[in-house]
Every structure is written in structure tokens, then in C-alpha cells.
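Participant: Fold the following for me, if possible:
(one chain, ligands or ions: 1)
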Amino acid sequence: MTSPAPKVGFISLGCPKALVDSEQILTQLRAEGYETSSTYQDADLVIVNTCGFIDSAVEESLDTIGEALAENGKVIVTGCLGAREEVIRAAHPQVLAVTGPHALQEVMHAVHHHLPPAHDPYTSLIPPQGIKLTPRHYAYLKISEGCNHRCSFCIIPSMRGDLVSRPIGDVMQEAENLVNAGVRELLVISQDTSAYGVDVKYRTGFWQGRPVKTRLTELAQALGELGAWVRMHYVYPYPHVDELIPLMAEGKILPYLDVPLQHAQPRILKAMKRPANSENTLARLHHWRSLCPDITVRSTFIVGFPGETDDDFAYLLDFLQEAQLDRVGCFMYSPVSGATANALPNPVPEEIKEERLSRFMAVQQEISTAKLQRKIGRTMTVLIDEIDADGAVTRSAADAPDIDGQVFIEDGRFRHPAFGDTSASMHGASGLKVGEFVEVKIIAAEEHDLWGERVAT
Ligand code: SF4
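Facilitator: The predicted model follows:
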């Protein structure tokens, strides 16, 4: 079940610059699924964007914080007066967090901590073991709801219905707003991204006054104009997906495809009701790589599906060797209440499922590790996700947040002693900043992650 959206109350005091800060915070809250509330009583938490320009503004800000605390109790303070945290804490020690102005990320961090966003397990790409909260510089862009397939292990269509594509004008407007608010990477998601627009017969919509078809290639082209990284998830390998590869080769969108294959053996795919053919898939992969050698292909698989024999599993392992995928997730089949696969004969015993999972992962581990080793010595652009005491945690085009690897820059020391542990620590002596792109040369690789050093640009 999707939990109700958490509600945030927002009070914006001060000048137009503070107003822009407020708009950015509100935009990010909306992008992450928060709702806003116009009353203290209805809000789960209140943010007060303060002004500290003159004494009367300080007084007004402190009074407003006091009112919000009395009426609601959970208050985060940001804005100019927040730069003088001691003034706020002296008057109102019970505020949850205090940040200075232009501190979107710190405000969102405090919101996430005190009021986590609603997690939608059916549309989120984040694996069931946990969700990391989206920081300011990347955002998920949902392009449709529902699904026209009826995979036998899945109950999403029975819960969410058939595919309903969002109008391309709306999707593009949201993407543009996100980029304008500081988002550097857009992660396109849906249940079946390749099918975008099928339900509306690829209807023509409008963005920036010009016609754009509701179709994946056209969407990718338009998104590619925004100047952010564009990463495609849940792209089922229909023939028209080939049209994306030249856009990747030209650098319009990231050379990355998340293709949920689930299995390779034709009989199992049929039992899963997946319309795929692994020979075609292999030919496709070769074709994609010939057009865009740098492409990263990620996939997920299920082992131990009912009826999967030793031979079927061996077929899957052979496929894995042949496909040489970059990133792979694998799950043991487990029945979901309401899924038609539950009625299939010959369930695979748990211990065999477990054994297959570990054999599968061992094979893939070798492939992924060897592929990462081959990146040593290469120079690549990375996006900075986090900065900590050891350096910077970043991702390359090959790494989607949370599900893939990371690139660590150990020489990215940032924490200027003068800044201590404040918001200013996001800007470092070495000039590194969360949400920025930097060039690195890869110097080491492990099973999942890379290590790099900065390259002067
Ligand atoms: S698993 Fe199959 S039915 Fe479920 S959402 Fe994905 S494509 Fe649709």
C-alpha cells in the first residue's frame, strides 16, 4: 500500500531572495512527494524561512518560530536568521534543525530525517532492502503509471491497471522545473518505460510551444536538451529501443540502460509471460555495443521460478557469460499473494533457490569485477553525491544511485576547518561541491566500486 503523502507547512519571511529559496525548497518537496499544508494543525512539520536583516525582522522571525512551535511542535528553521543559530536556539531550543540561507540540501536532509517521504514500493526503483532519500541534485521522473503486461510473478497491473502515460508536455515541464531547481540528473522511471505513449497512440503533445510525440525516443531527445544527465530505467528491449542508442553515442542521454530481463531460458520466459527471446536479446546487446561501445547495461533476474530445472538454470548462466552485462541484480523467486505464478507446478525448493542465487551471483561477480578492472586508467566525468571526511563519493554515467556502484575520490578533501560541521562544509577548500560534475582518472577498482583522482580541467 502506498502511504499517505506527508504534509509540510511552510512560512516564508523576508526578501525576494528568501522567496526564491522557499520556492526551491517547495519544488523539491513536491518532487519528492510531500504535500504542503496551509494550517499548522494539518501539517506534520513546519519549515520557517526567516529573515535577519533588521531587528524587527529578527523579532518577527523569532515570534513566527515560537508560534509554529506552539501550534505544531515540529519546526525546522532556515534562512538568514538561521546563520545566527545561537540566537534561535537561545529563544527556541526545541527547534529540530537550523540552517542558513540557500541551504536547500540541508533543509531537505532535516526534513528527510524528521519526516521521511512516503515510499511507493511499486514505482520506486529502490530495492526492497531500503530507500535512500533523493538529494537535491538528482530526481526521479515518473513518465507513466500501470502496465499492459501480465507477467505471472507480478501483481502490479491488478493493482495499478493498464498503462497510463503522462502527457509529454507535463513530463517535460516537470523535468525542466527540476533542472531549473538544481537537479543535475533525471532518472526516468515507470513500470515499462519503453511502452511510453502506447496507450495514447503516441499522441502529439506540446513543450515550449512545439509539437513533441508522446514516445520514448522523442522524450529522450527532448530531455537531452535540458543539459542534465538523463538515465533510463525499466526499458524493456522492444525494437524501437534501438533508437535510443545513437542518442547515447552522441552524448544526449547517458549511455545506460536498465533492462529487466528476469530470465533467459525461453520456456521459463514463457511461463513468466515475458515476451522476450534471449537470442534476440543477445543480438540486440551486440548491436547496441557496436553503436555505443561505452554503454552500461543493467538488468535484474529471478532464479528458482516454478519449473526451473538444472538445465534451465545452466542456460541462464550461459546467457550471463555471453551477455557480459555490467550490473546485475538477482532475486530468488518468492510467491506474491495474487500472482498467477503461484499456481504453477514444480516449485523449486528453498535450498536450491539459495544455491542458484549464490552461483548466479558468483558468475556475475567475476564479470562485473573484470569489467570494472578494465576501467582503470580511464578518465571519466562523475557527479558528486556526498562529501565526507575522507573525500568525495561520486557516480559515473555507469552508476545509477543506490543500485549500482560508486566512484570515490580520496583526494577530494573538502572540509575547511573554518567551516566546521555547518552547511558551508558542502563547499570545500578543494572546491568540490555536492551536485557538481568533475573529471577523474580511475586508479583502482574493486567488486562494485571504483577509486579515482581528480584530473585538472
Ligand atoms: S513485471 Fe511485468 S507486469 Fe509487472 S510491471 Fe513489470 S512488465 Fe508489468
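
Participant: For the stretch 201-350 of the chain, give me the ranges with low pLDDT.
Facilitator: Within the stretch 201-350 of the chain, the stretches falling below the threshold (pLDDT under 70) are 276, 278.

Participant: cool, and the stretch 1-150 of the chain?
Facilitator: 1-3, 15-20, 53, 119-135.

Participant: Can you pull the residues of it lying near the ligand?
Facilitator: 147, 149-150 (CB under 6 Å from any ligand atom). Glycine gets a C-beta too; all of them are placed from N, C-alpha and C.

Participant: 8 Å instead, please
Facilitator: 147-150 (CB under 8 Å from any ligand atom).

Participant: Quick one: buried ones out of those residues?
Facilitator: 147, 149 (16 or more other CB atoms under 10 Å).

Participant: In CSV: the residues of the stretch 1-150 of the chain next to the ligand, plus secondary structure.
Facilitator: Shown next, in CSV, are those (DSSP: H, G, I helix; E, B strand; the rest coil):
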residue, secondary structure
147, coil
148, coil
149, coil
150, coil
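
Participant: Now do the contacts for whichever residue of the stretch 301-450 of the chain sits closest to the ligand.
Facilitator: Closest contact between the stretch 301-450 of the chain and the ligand, by CB to the nearest ligand atom, is at residue 339 (9.4 Å). Shown in contact with residue 339 (CB atoms under 8 Å, 6 or more residues apart in numbering): 152-155.

Participant: From residue 260, how far out is it?
Facilitator: 16 Å (CB to CB, to the nearest Å).

Participant: cool, and residue 407?
Facilitator: 25 Å.

Participant: neighbour-wise, which of these two wins?
Facilitator: A count of neighbours by other CB atoms under 10 Å puts residue 407 above the other of residue 407 and residue 260, at 25 against 21.

Participant: separation between that one and residue 398?
Facilitator: 9 Å.

Participant: try residue 216
Facilitator: For residue 216, the distance to residue 398 - CB to CB - is 21 Å.

Participant: Check residue 372 too.
Facilitator: For residue 372 relative to residue 398 (CB to CB), the value is 9 Å.

Participant: just residue 137 next, same as before
Facilitator: For residue 137 relative to residue 398 (CB to CB), the value is 17 Å.

Participant: just residue 271 next, same as before
Facilitator: Distance from residue 271 to residue 398, by CB to CB: 32 Å.

Participant: Over to residue 440?
Facilitator: In terms of CB to CB, residue 440 sits 13 Å off from residue 398.

Participant: And residue 305, by the same measure?
Facilitator: Residue 305 is 29 Å from residue 398, by CB to CB.

Participant: before we move on, what about residue 390?
Facilitator: Residue 390 is 22 Å from residue 398, by CB to CB.

Participant: The helix ranked longest in the chain packs against which elements?
Facilitator: For the chain, the longest helix by residue count, based on DSSP state H, is helix 350-373. Applying 3 or more CB pairs under 8 Å, 6 or more residues apart in numbering; DSSP states H and E, one finds that helix 350-373 contacts strand 296-303, helix 310-323, strand 327-332, strand 437-445.

Participant: Next, the angle strand 327-332 makes with that helix.
Facilitator: With axes from the mean of the first three to the mean of the last three CA atoms, to 10 degrees applied, the angle from helix 350-373 to strand 327-332 works out at 180 degrees.

Participant: Show me where the stretch 1-150 of the chain has its strands.
Facilitator: Counting by DSSP state E, counting those that start in this stretch, the stretch 1-150 of the chain has strands at residues 7-12, 35-37, 45-50, 75-79, 97-98, 138-142, 144-145.

Participant: Could you single out the most deeply buried of those strands?
Facilitator: strand 75-79 (a mean of 28; mean count of other CB atoms under 10 Å).

Participant: Tell me the strands beside that one, with direction?
Facilitator: strand 45-50 (parallel), strand 97-98 (parallel) (DSSP bridges).

Participant: of all the ones you listed, which lies closest to residue 195?
Facilitator: With CB to CB as the criterion, residue 195 lies closest to strand 45-50 of the strands paired with strand 75-79, at 37.6 Å.

Participant: and residue 5, what does it touch?
Facilitator: Contacts of residue 5 by CB under 8 Å, 6+ apart are 33-35, 117-118.

Participant: What sits closest to it if chain neighbours are left out?
Facilitator: residue 35 (4.5 Å; CB to CB, 6 or more residues apart in numbering).

Participant: in the sheet, who's paired with the one you found?
Facilitator: residue 7.

Participant: I'd say it and residue 6 touch.
Facilitator: Yes. Taking contacts as CB atoms under 8 Å, residue 35 lies within contact range of residue 6: 7.3 Å.

Participant: Against the ligand, how distant is the residue nearest to residue 84 when sequence neighbours are not counted?
Facilitator: With CB to CB, 6+ apart as the criterion, residue 84 has its nearest non-adjacent residue at 6.2 Å, and that residue is residue 52. Between residue 52 and the ligand the computed distance is 50 Å (CB to the nearest ligand atom, to the nearest Å).

Participant: Tell me which residues touch residue 52, please.
Facilitator: Per CB under 8 Å, 6+ apart, neighbours of residue 52: 58, 61, 79-84, 87.

Participant: quick one: the helices in this structure?
Facilitator: Using DSSP H, helices in the chain cover 16-31, 55-71, 85-91, 104-114, 156-160, 168-180, 216-223, 244-249, 266-272, 278-291, 310-323, 350-373.

Participant: Now do the fourth one: which elements does it pack against?
Facilitator: Contact here means 3+ CB pairs under 8 Å, 6+ apart; on that basis helix 104-114 packs against helix 16-31, strand 45-50, strand 75-79, strand 97-98.

Participant: For the second one, which outside residues touch it?
Facilitator: To tie it back to what came earlier, the one meant is strand 45-50. Residues contacting strand 45-50 (CB under 8 Å, 6+ apart): 6-14, 18, 21-22, 25, 40, 61, 64-65, 68, 72, 74-82, 88, 96, 107, 111, 114-115.
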